[in-house]
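**Q** just coords:
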């Protein structure tokens, strides 16, 4: 890894990371971030730099000097979160209520460092597409870039991603074949009853009681209708209904999320949420209106690319530093859309003992930067070797 690190100054990458951390932007409104990244890619000497892809995405193309070959995409997310940061770091967010509490600032900086090294050495064949994507945090920016021609326009054949994770030591990686992260769908169930006086419930149809039974019933889909060795999560995270202590409301609204690691279980869970909510409501004399929205699909790592990624990580930190069969997580990632479009793989890089992702106290650990840059550069030089 030292050969890779000699080709760039780590202090520059840290400076970029902290600058990006101080200026967080949300979803697709990442125009200042995109301009900063595009300017760096131009300065590095990328062959082409395109902006505005999927509204605000950036793609830089670096051609190798060793002849013709495939194009491999390396992707980083760009957007921050609507969180008030309290990390206490000198480089804390300058925008109140916005923070890079998921480490996308670190992801961008590491990929910028790799781009500079690759543009300088070009010790590979084919080409690499440096991809900076907006709106990972709930906006589906990966799909927007794909729909805007990302894969075909730049002739990308394989795609790779990276995400940091706290509580994995610095200098360690984790990856697995197959389902790495869950699909993430949302639902909203409005239970319609007939309101009335709380002291005369027999004259009403109480949507609160019906909603309570629906909440409990939904858990039986997981505990009694799903193979216990298969992961399904159904969480009711919000309940709203009523305004005071002595009035039965007309309606109660439930909202939550469904997470699975298999597409067939995703279909099953959606069907059963609808069926159970309707039948339980009917049993209490109420009706329901149900909205079920498909979000990010399962992040599914392809075998060949995952073997390559694991081998590259091992070449950097040794076999003991790479968990190549990590337990899947029930978090979700819109990189999953890119893995549906092209074969590829996502790897986890350790962030050390820091507060968790989406925590107001979280900060990306700059000590991870050499390992991330080294991974990206070595991946390209290995995959696109002569």
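**A** Yes, it's here. Everything numeric in this text was worked out from a predicted model, so none of it was measured.
**Q** where in the protein is pLDDT low?
**A** 1-8 (pLDDT under 70).
**Q** how many residues are close by the closest residue in space to residue 261 that isn't next to it in sequence?
**A** In this structure, residue 261 finds its nearest non-sequential neighbour in residue 179, 4.1 Å apart by C-beta to C-beta, 6 or more residues apart in numbering. C-betas here are computed from N, CA, C, even on glycine. Residues lying near residue 179 (other C-beta atoms under 10 Å) number 19.
**Q** again with residue 308
**A** 18.
**Q** that older thread, tell me the SS of the residue nearest to residue 261?
**A** Under DSSP: H, G, I helix; E, B strand; the rest coil, the three-state class of residue 179 is strand.
**Q** mind listing what it touches?
**A** Residue 179 makes contacts with 261, 262, 298, 299, 300, 301, 328, as judged by C-beta atoms under 8 Å, 6 or more residues apart in numbering.
**Q** same thing but at 6 Å, please
**A** 261, 298, 300, 328 (C-beta atoms under 6 Å, 6 or more residues apart in numbering).
**Q** what's the spacing between the first one and residue 192?
**A** What it means is residue 261. Distance of residue 261 to residue 192, computed by C-beta to C-beta, to the nearest Å: 34 Å.
**Q** of the contacts of residue 179, which is the nearest to residue 161?
**A** Taking C-beta to C-beta as the measure, residue 300 is the one of those closest to residue 161, at 12.1 Å.
**Q** helix, strand, or coil at the closest one?
**A** Assigned with three-state DSSP, residue 300 falls in the strand class.
**Q** number of nearby residues for it?
**A** Residue 300 has 22 neighbouring residues, counting by other C-beta under 10 Å.
**Q** could you give the number of residues near the closest residue to residue 98 other than its chain neighbours?
**A** In this structure, residue 98 finds its nearest non-sequential neighbour in residue 24, 4.3 Å apart by C-beta to C-beta, 6+ apart. Neighbours of residue 24 under the rule other C-beta under 10 Å: 26.
**Q** could you pull out the strands in the stretch 51-200 of the chain for me?
**A** Taking DSSP state E, counting those that start in this stretch as the criterion, the stretch 51-200 of the chain contains strands spanning 57-63, 71-77, 127-133, 156-165, 173-174, 178-181, 183-192, 196-197.
**Q** right, so the ones you listed: which one is the most enclosed?
**A** strand 127-133 (a mean of 28; mean count of other C-beta atoms under 10 Å).
**Q** which neighbours in the sheet does that strand have, and how are they oriented?
**A** When pairs are called by DSSP bridges, strand 127-133 turns out to pair with strand 57-63 (antiparallel), strand 71-77 (parallel).
**Q** rewinding a little: partners of the residue nearest to residue 261 in the sheet?
**A** Beta-bridge pairing for residue 179 (DSSP bridges): residue 300.
**Q** gap between the most centrally placed residue in the chain and residue 286?
**A** By C-alpha atoms, centre = their mean, the chain has its centre lying nearest to residue 333, at 2.7 Å. Counting by C-beta to C-beta, the gap from residue 333 to residue 286 is 37 Å.
**Q** next: residue 234.
**A** Taken as C-beta to C-beta, the span from residue 234 to residue 286 is 20 Å.
**Q** mind listing the helices for this protein?
**A** 2-5, 10-22, 31-44, 104-121, 141-147, 150-153, 207-225, 263-283, 303-317, 335-341, 369-383 (DSSP state H).
**Q** which one of the ones you listed lies closest to residue 92?
**A** Checking the helices of the chain against residue 92 by C-beta to C-beta gives helix 10-22 as the closest, at 7.2 Å.
**Q** buried sites along the closest one?
**A** Under the neighbour-count criterion of 16 or more other C-beta atoms under 10 Å, helix 10-22 has 13, 14, 16, 17, 18, 20, 21, 22 buried.
**Q** turn those into a markdown table, including distance to residue 134.
**A** Formatted as a markdown table, the buried residues of helix 10-22 follow (distance: C-beta to C-beta, whole Å):
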| residue | distance to residue 134 |
| --- | --- |
| 13 | 21 |
| 14 | 23 |
| 16 | 18 |
| 17 | 18 |
| 18 | 21 |
| 20 | 13 |
| 21 | 17 |
| 22 | 19 |
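**Q** out of these, which comes closest to residue 128?
**A** residue 13 (17.5 Å).
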